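Undergrad: Build me a structure from this.
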Amino acid sequence: MPELPEVEVTRRSFASQIAGAQVLSVTLGKPLRWPLGRAPSSLVGARVQQVRRRGKYLLIDLDRGMLMVHLGMSGSLRFATQLPAALGPHEHFDMQTDRGTLRLHDPRRFGAVIATDGDDDPVARKLLDGLGMEPLDAHHFRWESFRDGLARSRTPIKLLLLGGKLVVGVGNIYASEVLFASRIAPTTPAQAISAIKARRLFQAIRDILALAVERGGTTLRDFSNADGLPGHFQLQAKVYGREGLPCVQCGRPIALLRQGQRSTFYCPHCQKS
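TA: Coordinates of the predicted model:
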């Protein structure tokens with residue numbers, strides 16, 4: 001599943017190219033998880049102002065309204081001046097502009113493109129208002145708020161990170177990595193984490209997600225940015241996907257457990273409650 005780093009990498013790969021572009025046509029393929037919400041023809045003539053990100057949503061601001069794009073479980077965007085005219089079987093949204101074509105490829109169809117009137121649209125508010133702090137925004141990701149959020153929760157820390165209510169974007173791969181970097185067992189109740197480890201976790205979230213963006217995100221199966229390039233963070237992973245292999249710190253085997261139907265990789269020796 002594309003997580004925050006992959007979505008941010010995608011945003012950076014086409015935001016400057018599409019800014020200022022005018023929409024010439026919009027074509028839909030097979031239905032996605034949520035409908036566009038209006039006739040595709042209503043977007044024709046709109047001009048793209050900028051591309052932002054909130055959590056795992058890409059927000060394409062138009063001079064009249066906003067498109068919200070979610071990549072779901074298997075989605076990726078392409079932006080190019082030359083793409084095949086016909087949509088492929090896994091291509092579900094195509095927006096042709098005078099600067100290139102933006103196309104969503106999503107084999108599992110859990111992604112979405114939603115047209116709204118802007119940030120204050122009820123649909124946008126419903127999807128965005130409950131999201132946690134942005135870890136790559138120093139003004140938004142505040143230590144005091146993070147510390148207090150941990151203190152209020154008895155949820156196992158791995159599940160709290162995945163929930164997105166405290167901080168957004170720490171998906172399954174990155175949660176395992178930040179907990180290893182912080183030396184925290186994934187089953188530890190959030191409020192039981194010491195102040196020293198909590199501060200270490202706060203910094204690890206920022207550092208590892210920033211590194212993932214720098215490395216182009218993680219490509220385990222089919223993620224690529226809007227230029228079609230894969231990510232390379234998986235080459236930096238210390239625990240994720242390394243069950244049974246020696247820990248890079250202590251040499252003992254990396255373990256695997258299931259939490260919330262997700263795989264958690266950790267070192268039982270290095271990561272203590």
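Undergrad: can we go C-alpha only for contacts and neighbour counts from here?
TA: OK.
Undergrad: So Asp179 belongs to a helix, correct?
TA: Careful, residue 179 is Leu; it's not Asp. Yes - per DSSP: H, G, I helix; E, B strand; the rest coil, Leu179 lies within a helix segment.
Undergrad: mind listing the helices for the stretch 1-150 of the chain?
TA: 4-18, 122-128, 143-151 (DSSP state H, counting those that start in this stretch).
Undergrad: would you turn those into TSV with mean neighbour count and mean pLDDT?
TA: Output for these, formatted as TSV (neighbours: other CA atoms under 10 Å; pLDDT from 0 to 100):
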stretch	mean neighbour count	mean pLDDT
helix 4-18	22	92
helix 122-128	14	96
helix 143-151	15	97
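Undergrad: quick one, which of these is nearest to Ser76?
TA: Closest to Ser76 of the helices of the stretch 1-150 of the chain, according to CA to CA: helix 4-18, at 8.0 Å.
Undergrad: Just list what the closest one packs against, helices and strands only.
TA: strand 48-54, strand 57-62, helix 195-214 (3 or more CA pairs under 8 Å, 6 or more residues apart in numbering; DSSP states H and E).
Undergrad: Just checking the distance from the first one to the centre of its chain.
TA: Its chain's C-alpha centre lies 15 Å from the corresponding centre of strand 48-54 when counted by CA atoms, centre = their mean, to the nearest Å.
Undergrad: Then the shortest one?
TA: For strand 57-62, the separation from the chain centroid amounts to 14 Å (computed by CA atoms, centre = their mean).
Undergrad: ok, back up a step: give me whichever of the helices and strands packed on helix 4-18 is most buried.
TA: For the helices and strands packed on helix 4-18, the largest average neighbour count (mean count of other CA atoms under 10 Å) is found in strand 57-62, namely a mean of 22.
Undergrad: can you list the domains in the protein?
TA: Domain assignment of the chain by automatic domain parsing yields the ranges 4-128, 143-266.
Undergrad: where along the stretch 101-250 of the chain do the strands fall?
TA: In the stretch 101-250 of the chain, the strands defined using DSSP state E, counting those that start in this stretch lie at 112-116.
Undergrad: which one is Asp94 nearest to, not counting chain neighbours?
TA: With CA to CA, 6 or more residues apart in numbering as the criterion, Asp94 has its nearest non-adjacent residue at 4.4 Å, and that residue is Arg103.
Undergrad: which ones are touching that neighbour?
TA: 77-79, 91-95 (CA atoms under 8 Å, 6 or more residues apart in numbering).
Undergrad: Which of those sits closest to Phe265?
TA: Once CA to CA is applied, the member of these that ends up nearest Phe265 is Leu77, at 29.1 Å.
Undergrad: quick one: the closest one from Lys56, how far?
TA: 13 Å (CA to CA, to the nearest Å).
Undergrad: Have a look at those two and say which one is more surrounded.
TA: Using other CA atoms under 10 Å as the criterion, Leu77 and Lys56 rank with Leu77 on top: 25 against 21.
Undergrad: beta partners of the more buried one?
TA: Note on Leu77: beta-bridge partners Leu104, judged by DSSP bridges.
Undergrad: Turn the contacts of Arg103 into TSV, columns for pLDDT.
TA: As requested, the contacts of Arg103 are arranged in TSV below (pLDDT from 0 to 100):
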residue	pLDDT
Leu77	93
Arg78	90
Phe79	94
Glu91	90
His92	94
Phe93	96
Asp94	96
Met95	97
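Undergrad: Identify the farthest-apart pair in these.
TA: With CA to CA as the measure, no two of the contacts of Arg103 lie farther apart than Phe79 and His92, at 14.0 Å.
Undergrad: wait, Ala112 sits on Arg33?
TA: Yes - look at Ala112 against Arg33 with CA atoms under 8 Å: they come within range, at 5.8 Å.
Undergrad: Have a look at the two and say which one is more surrounded.
TA: Taking neighbours as other CA under 10 Å, Ala112 and Arg33 compare with Ala112 leading, 24 against 13.
Undergrad: That one and Arg252, how far apart?
TA: 42 Å.
Undergrad: Please apply the same query to Arg206.
TA: 27 Å.
Undergrad: and if you look at Leu87?
TA: 49 Å.
Undergrad: Name the residue in those two with the higher neighbour count.
TA: Here Leu87 and Arg252 are compared on neighbour count by other CA under 10 Å; more neighbours surround Leu87, at 18 against 15.
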